[in-house]
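**Student:** below are the sequence and a predicted model; questions follow.
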Amino acid sequence: MSLRALLAALAFSTAVPGVWAALAPRSFFDDFPGTGHWVARLPEYNPHLVTDVGAFFLAFALLFAWAALRPAPALVVPLCAAWALFSVLHLVWHARHLGAFGTADAVGQMVSLTAWLVAALAGLQLARRRAGLTRANRS
């Protein structure tokens with residue numbers, strides 16, 4: 001996969017929950033895939049918090065789209081590093097709270113959250129490789 005395609009995929013995968021949480025926070029809270037009976041174990045619905053989560057995801061979607069259009073390592077490396085940090089913390093939290101999920105939901109959740117982390121790490125690697133090629137071409 002090319003760096004641009006990977007960044008575009010990350011832009012899309014962050015834009016979808018971002019738009020949903022920002023524009024329809026109650027629906028996002030109640031209906032996000034895999035939640036179901038899990039919602040009962042969450043703290044009380046907080047529209048401010050859910051809307052903020054949507055804004056967070058939309059901000060990353062914008063940066064990933066920008067990076068897909070102009071994949072300069074100076075943008076891609078810190079962007080993917082920041083997303084990797086978020087992804088690790090998000091993955092660890094969810095891995096520690098799988099008790100309310102059936103096997104299929106738990107596996108699906110872990111696979112999807114791991115995919116975000118792997119994509120961020122792949123973006124880092126591809127951007128670093130691109131930076132190396134750019135330096136080599138200048139010599």
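**Tutor:** Looks like it arrived, so ask away.
**Student:** hey, which helix is longest across this protein?
**Tutor:** Taking DSSP state H as the assignment, the helix of the chain that covers the most residues is helix 103-138.
**Student:** tell me which residues in that one are buried?
**Tutor:** Neighbour-count burial for helix 103-138, counted by 16 or more other C-beta atoms under 10 Å, picks out 105-106, 109, 113, 116-117, 119-124, 126-127, 130. For the C-beta atoms, the positions are set from N, CA and C on the backbone; glycine is no exception.
**Student:** elements contacting that helix?
**Tutor:** The helices and strands touching helix 103-138, judged by 3 or more C-beta pairs under 8 Å, 6 or more residues apart in numbering; DSSP states H and E, are helix 3-23, helix 73-95.
**Student:** would a markdown table of those helices with mean neighbour count be doable?
**Tutor:** Formatted as a markdown table, the entries for the helices and strands packed on helix 103-138 read as follows, by neighbours: other C-beta atoms under 10 Å:
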| stretch | mean neighbour count |
| --- | --- |
| helix 3-23 | 18 |
| helix 73-95 | 16 |
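**Student:** any chance of JSON lines for these, columns mean pLDDT?
**Tutor:** As requested, the helices and strands packed on helix 103-138 are exported to JSON lines (pLDDT from 0 to 100):
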{"stretch": "helix 3-23", "mean pLDDT": "97"}
{"stretch": "helix 73-95", "mean pLDDT": "96"}
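**Student:** mind putting those into a markdown table with distance to residue 64?
**Tutor:** Below are the helices and strands packed on helix 103-138 laid out as a markdown table (distance: least, C-beta to C-beta, whole Å):
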| stretch | distance to residue 64 |
| --- | --- |
| helix 3-23 | 4 |
| helix 73-95 | 7 |
